Every structure is written in C-alpha cells, then in structure tokens.
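Q: Please find the sequence and the predicted model below.
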Amino acid sequence: MMQKRQLFRIRIHRVGQVRRRSDVAKCEVLDLTERGVCLSTTLTVTTGEELEVQFDLTGTCVIRFTVLVMYVGPSQLGALITEISPEHQAHLTKFIDQLIAMNLAGF
C-alpha cells in the first residue's frame with residue numbers, strides 16, 4: 001500500500017551536495033518537509049539507498065542529514081530523512097514555520 005504524504009511541501013531552491021560513501025555530487029534541493037526532501041542530482045541512485053545531504057538552509061545555516069531514497073524519477077528523487085541532529089532539526093522546523101507564517105500572512 002502506498003503511504004500518503006502527511007506534510008506540506010515547501011518549495012525552495014538550494015544548491016548543495018549529496019554523498020554516498022566516497023561518491024560526492026552536487027544536488028539541487030527542490031522542496032522539503034520536516035521529514036523529507038525532493039532533489040535532483042547527477043549521482044545515479046536507486047530506491048532504498050542511503051545518502052548524506054548538505055546544503056545552506058539560509059545564508060548563515062548549513063544543514064546536514066541522512067536520507068533513505070524512496071522514489072527515483074527521470075529528473076529528481078524523493079527521500080525520507082532518517083538521521084538529523086536535534087540542532088539541525090530545530091533549524092529546519094523554524095525555517096519551515098517561518099515560511100508558512102509568511103505565506104499565510106499574504107492571504
């Protein structure tokens with residue numbers, strides 16, 4: 001059975017890097033939630049692989065986490081965040097909350 005997405009995706013554009021053991025490649029973070037990420041990369045990956053992701057969340061905050069690849073498409077992949085430090089999780093949560101608040105203020 002397919003699991004439905006529970007959180008809103010926040011569309012962003014950040015350039016970072018993805019690492020699988022000794023393989024490192026650039027990536028573009030296309031959207032994220034507190035539990036997952038959608039990105040594009042030139043690194044060839046398959047469903048079920050673990051990757052380390054790193055990118056500048058803001059101009060002053062670099063964020064790192066480990067993901068499990070859940071979906072691989074022709075130009076992007078979707079992954080579940082499986083390991084993240086409490087500090088980076090707090091930064092991610094604050095960033096998402098601030099974006100949601102700014103978007104809701106526009107209504």
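A: Yep, it's here.

Q: host element of Val69?
A: Following DSSP states H and E, one finds Val69 within strand 61-72.

Q: where does the protein have low pLDDT?
A: 1-7, 104-107 (pLDDT under 70).

Q: re earlier: now for the strand holding Val69, which elements pack on it?
A: Secondary-structure packing of strand 61-72 (3 or more C-beta pairs under 8 Å, 6 or more residues apart in numbering; DSSP states H and E): strand 36-41, strand 50-58, strand 77-83, helix 86-105. Just so you know, the C-beta spots here come from the backbone N, C-alpha and C atoms, and that holds for glycine as well.

Q: could those be laid out in a markdown table, adding distance to Arg64 and mean neighbour count?
A: Formatted as a markdown table, these follow (distance: least, C-beta to C-beta, whole Å; neighbours: other C-beta atoms under 10 Å):
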| stretch | distance to Arg64 | mean neighbour count |
| --- | --- | --- |
| strand 36-41 | 12 | 20 |
| strand 50-58 | 5 | 18 |
| strand 77-83 | 9 | 18 |
| helix 86-105 | 6 | 13 |
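
Q: Would you reformat the ones you listed as TSV and include distance to Val18?
A: Shown next, in TSV, are the helices and strands packed on strand 61-72 (distance: least, C-beta to C-beta, whole Å):
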stretch	distance to Val18
strand 36-41	5
strand 50-58	5
strand 77-83	9
helix 86-105	16
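
Q: Which of the ones you listed sits closest to Val15?
A: When the helices and strands packed on strand 61-72 are compared by C-beta to C-beta, strand 50-58 sits nearest Val15, at 6.7 Å.

Q: and the residue positioned nearest the centre of the chain, what is it in contact with?
A: Nearest to the mean C-alpha position of the chain, by C-alpha atoms, centre = their mean, lies Val37 at 2.9 Å. Under the criterion of C-beta atoms under 8 Å, 6 or more residues apart in numbering, the contact list for Val37 reads 29, 31, 53, 67, 78-79, 81.
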